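>>> Need a 3D model of the following:
(chains A and B)
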Amino acid sequence: MTQGIVKRNNVTIKGEGEKIILFAHGFGCDQNMWRFITPAFEKDHKIVLFDYIGCGNSDTSAYNFEKYSNLRGYAQDVLDICMELQLSNVIFIGHSVSSMIGLLAALEQPNLFNSLVLIGPSARYINDENYKGGFSQEDLEGLLNVMDNNYLGWANFLAPTVMKNDDKPELTEELKESFCSSDRTITRKFAEVTFFSDNRDDLPKIDVPCLILQCSEDVIAPDEVGQYIHKHIKNSTYKKMKATGHCPHMSHPEETIKFTKEFLKHQYH
Amino acid sequence: MRIKLGLDIETFIGSQLADILTSGSQIFYQTHFYPLLKMQKSAREIFMEFKSPNGPIPVLLNIEINNSELGLEMVCGGMEISGRNRYEKELIEAKKVAEQALVENIELKKTENALLLNQRTLESQLRKLKLLKEQQQQVFKLISHDLQEPLRKTILYSDYIGTKVNSLPESIEKGLSKLVTFSTQMSDMLLTLLHFKELDEIDLVYSKVILSEVIEDALKELNIQNNKEIEVSCTYKNQELYGDKRILTRLFMELFKNSINDKNPDNKTLIIDISSIETIKNSFTEVSNRYQYDKFLRITYTDNGLGFAKKFYEIIHKSVEFNKINIGLAYSKQIVEKHQGSIAAKSVNGKGVHYTILMPVQPHDF
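So this is what the prediction gives:
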């Protein structure tokens, strides 16, 4: 069974420490996106990385339409990994949609988690009465349209063949692995589940310590959203980053590491 | 291009690539495109849409990142594909229809095969269950009557000897009294086992149950509601679920009894903390590949007692070994499971217990 889940979610484990960090990638990517962050934690932590079903080198045959029609299906996979590897006191670091996935997992089994680090979280992407998520329904339909166009046969974007890059010999061996290779149908569905989700009611229920890392000029998760989450998760820590965009762990790894380490210092007594 | 996008020159120069995209394309840029560029330094044939006063302009982009003398340089080449895009839209529509039909067909066949297989498994399981049930009834009868009777007689005759025969040597009298004590204990254990077994046979009587009332009832039943040495704090707001009120009261009675039994003598007061939130989870736990998301109450129960040793932890997960102390825990598990819920236990020796109970707000057979 262990083998099953390890293979299903392409779980990789490294690092020399005892404290466990579980890194969860965001929508549109896979565990490779953590490569700029993990070296800073490898010495003192046990690092667990994985791919969601349909992303990276996960087992796409494990995809179940009903299960993954809700972020809770993804949260179940996080819990499965913790159970199978017998992880406890887990520090969960999630990017983008994984912030909410981690939150849902911690709501169900709070015993398993030490703390959550939420990078660019959003509780709801669509604007609502008295809530500014940043997008209208039409904006998100536009995203699905762009994805459809990119996933049509001629656009070889995301296909593993692109990764070979014969004209770029300076690419390291490591980078030759298929990066972000993902199943198009699943990713398309993941987009719908992610961007049409609404987890605002879950925020006040969480009682695990949370760090919110808010980027500057993040169109996907704007400042107001980060502030909203901070306001509704009791005792949460909010850090506004200099990093711009939505992927600070790729664009500004030093700042991401700094804030995370500062926060984690207070989580073990 | 600038004019086509409807931007004046001041706004255009110095703006970021992401700024001139439609919202949908911005998300795609941030979630797919940026990570790809960061890792690979180039991307080919990416579809994006630019904002313009006359509606979005579909474009196919090639991008490369070079290290030049001036620093990082991003070279972009693009082609407007409005005409082609119309044609592709039709293709996408056709593809969607075809995919949907395929999915439905595949799903149907899969379901059909799975159903047949499940029916076969069900048949063999039903047979096994029937056999098991017959065996259980034998054991049940043995416990309830055949074993109770000799015990009752042992107690009776010991009493008889004790009262009827005068001037027994003191050692014999002591021995007799021990005989009565042991037999009574054993009889009690058999009775608890009976209750445990009975739950298997009865049907739950469902009604709307208010969590706080059940907890209050349990405290009253045990007559500890005014006990100064026990402090029960509850943090929840009017949580309700459908369940058997009488049985659920017993659940909390068992948990309280266990907390009292495992009280840490170093603590002056026994502190029990119960909290509850409403959450949503998959209600299928035994059938794989079926998912239905329903409302659950997540109840957490902690105390400052001694906590339990490893053996107890195993009991609640496997409920294999019964003895006088932990049968209560096994019974609690049975109550929760009968309500289609689940219970997980965590305990640090010397730091008390921590149960996480997940109960469906409305069970499916209700």
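>>> residue ranges of the helices in the stretch 151-269 of chain A, please?
Remark: helices assigned in the stretch 151-269 of chain A by DSSP state H, counting those that start in this stretch are A:184-195, A:223-232, A:248-251, A:253-265.
>>> taking these together, which one is wrapped up most tightly?
helix A:248-251 (a mean of 23; mean count of other C-beta atoms under 10 Å in any protein chain shown). (Glycine included, C-beta is placed from N, CA and C.)
>>> For that helix, name the packing helices and strands.
Using 3 or more C-beta pairs under 8 Å, 6 or more residues apart in numbering or on different chains; DSSP states H and E as the contact test, the elements touching helix A:248-251 are strand A:237-244, helix A:253-265, helix B:34-40.
>>> can you redo the helices of the stretch 151-269 of chain A as TSV with mean pLDDT?
Shown next, in TSV, are the helices of the stretch 151-269 of chain A (pLDDT from 0 to 100):
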stretch	mean pLDDT
helix A:184-195	89
helix A:223-232	96
helix A:248-251	91
helix A:253-265	96
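>>> Compile these into JSON lines and extend it with columns for distance to A:Lys205.
Shown next, in JSON lines, are those (distance: least, C-beta to C-beta, whole Å):
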{"stretch": "helix A:184-195", "distance to A:Lys205": "20"}
{"stretch": "helix A:223-232", "distance to A:Lys205": "10"}
{"stretch": "helix A:248-251", "distance to A:Lys205": "27"}
{"stretch": "helix A:253-265", "distance to A:Lys205": "21"}
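>>> still on that earlier bit, compare the helices and strands packed on helix A:248-251 and give me the one nearest A:Tyr151.
Closest of the helices and strands packed on helix A:248-251 to A:Tyr151 is helix B:34-40, at 14.4 Å (criterion: C-beta to C-beta).
>>> Restricting to C-alpha, output the helix or strand following that closest one in PDB.
Counting by DSSP states H and E, the next helix or strand C-terminal to helix B:34-40 is strand B:42-50. What follows is strand B:42-50, C-alpha atoms only, in PDB (Å, rounded to 0.1, in the frame of the first residue of the first chain):
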ATOM      1  CA  SER B  42      12.400  29.600 -23.400                       C
ATOM      2  CA  ALA B  43       8.900  28.700 -24.500                       C
ATOM      3  CA  ARG B  44       7.400  28.000 -27.900                       C
ATOM      4  CA  GLU B  45       4.000  28.400 -29.400                       C
ATOM      5  CA  ILE B  46       2.100  29.600 -26.300                       C
ATOM      6  CA  PHE B  47      -1.400  30.900 -26.900                       C
ATOM      7  CA  MET B  48      -2.200  34.100 -25.000                       C
ATOM      8  CA  GLU B  49      -4.800  36.900 -25.400                       C
ATOM      9  CA  PHE B  50      -3.900  40.600 -25.300                       C
END
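>>> right, and the helices of the stretch 151-269 of chain A - which one's nearest B:Tyr206?
helix A:184-195 (33.1 Å).
>>> The stretch 1-150 of chain B against chain A: which residues are in contact?
B:18, B:22-28, B:30-32, B:34-36, B:38-49, B:56, B:58, B:85, B:88, B:91-92, B:95, B:99 (C-beta under 8 Å from any C-beta of the partner chain).
>>> Mind giving me the PyMOL select for these, buried ones only?
In PyMOL, selecting the buried portion of the residues of the stretch 1-150 of chain B next to chain A, with burial taken from 16 or more other C-beta atoms under 10 Å in any protein chain shown, looks like this:
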select buried, chain B and resi 18+22+23+24+25+26+27+28+30+31+32+34+35+36+39+40+41+42+43+46+47+48+49+56+58+85+88
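>>> where along chain A do the strands fall?
Applying DSSP state E to chain A gives strands spanning A:12-14, A:19-24, A:45-49, A:90-95, A:113-119, A:210-216, A:237-244.
>>> could those strands go into JSON lines alongside distance to A:Arg35?
Listed next are the strands of chain A as JSON lines, based on distance: least, C-beta to C-beta, whole Å:
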{"stretch": "strand A:12-14", "distance to A:Arg35": "11"}
{"stretch": "strand A:19-24", "distance to A:Arg35": "10"}
{"stretch": "strand A:45-49", "distance to A:Arg35": "10"}
{"stretch": "strand A:90-95", "distance to A:Arg35": "13"}
{"stretch": "strand A:113-119", "distance to A:Arg35": "15"}
{"stretch": "strand A:210-216", "distance to A:Arg35": "18"}
{"stretch": "strand A:237-244", "distance to A:Arg35": "17"}
